[in-house]
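Undergrad: structure for the following, please:
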Amino acid sequence: MVKTEKKVAWTLNRLRPRVARKGPKRLGRGESSGHGKPAGRGNKGQGARAGGFHKRGFEGGQTPLARRLPKRGFTNIFRKRVGVVNLDQLAGLPAGTEVTLALAKERGWISNRADFLKILGVGEVKTSLTFKSCGFSKTAKEKIEKSGGAIH
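TA: The predicted structure follows:
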């Protein structure tokens, strides 16, 4: 006995849309391309012209927002970024350690963008440490000298 394949009847409920295989827009290829005449640039205006472009912030000849808003303040180009370290952060250091800006940056206590190191007096320092090129609060200086530390 020969097995015959059953034919499928194509009915309206089985229809599916074709899979669209759409490539890039082929501009400037005539009217029948579907992108004829203005070629996707709209009708007239600066955007439709060859060489027509806007600078950033351009508002069509109207005074741009950046120029309409009032100007406030200034940027101090001589600003020094101060990195702040409390005495309790120095608790784990061995005696005789030299505390500098570089050490504070290396340990991650302050930002790498800091220009200056300042020690504040929060907490206690148990070991004698040496401080170089640092600023101090009054209480920090007293606590450091009390613990036998040196300030250079």
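
Undergrad: can you give me the strands for the protein?
TA: All strands of the chain, identified by DSSP state E, fall at 82-86, 98-99, 116-120, 130-131, 134-136, 150-151.

Undergrad: tell me what Gln62 is bridged to.
TA: Glu59 (DSSP bridges).

Undergrad: residues near it, how many?
TA: By the criterion of other CB atoms under 10 Å, Gln62 has 9 neighbours. (Glycine included, C-beta is placed from N, CA and C.)

Undergrad: swap in Gly149?
TA: 21.

Undergrad: contacts only, for it.
TA: Val125, Thr127, Ser128, Leu129, Thr130, Phe131 (CB atoms under 8 Å, 6 or more residues apart in numbering).

Undergrad: make a ChimeraX selection of the buried ones in the residues you listed.
TA: Burial among the contacts of Gly149 is assessed by 16 or more other CB atoms under 10 Å; the matching ChimeraX selection reads:
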select :125,129,131
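
Undergrad: out of the contacts of Gly149, who's nearest Thr139?
TA: Val125 (11.3 Å; CB to CB).

Undergrad: pretty sure that closest one contacts Lys143?
TA: Yes: applying CB atoms under 8 Å, one finds Val125 in contact with Lys143, separated by 5.8 Å.

Undergrad: phi, psi for the residue nearest to Lys80 when sequence neighbours are not counted please.
TA: Closest residue in space to Lys80, ignoring its immediate chain neighbours: Asp115 at 4.7 Å, by CB to CB, 6 or more residues apart in numbering. Main-chain torsions, Asp115, degrees, to the nearest 10: phi -100, psi -20.

Undergrad: so how far is the helix of greatest length in the chain off the chain centroid?
TA: In the chain, assigned by DSSP state H, the helix with the most residues is helix 138-146. The chain centroid and the centroid of helix 138-146 are separated by 39 Å under CA atoms, centre = their mean, to the nearest Å.
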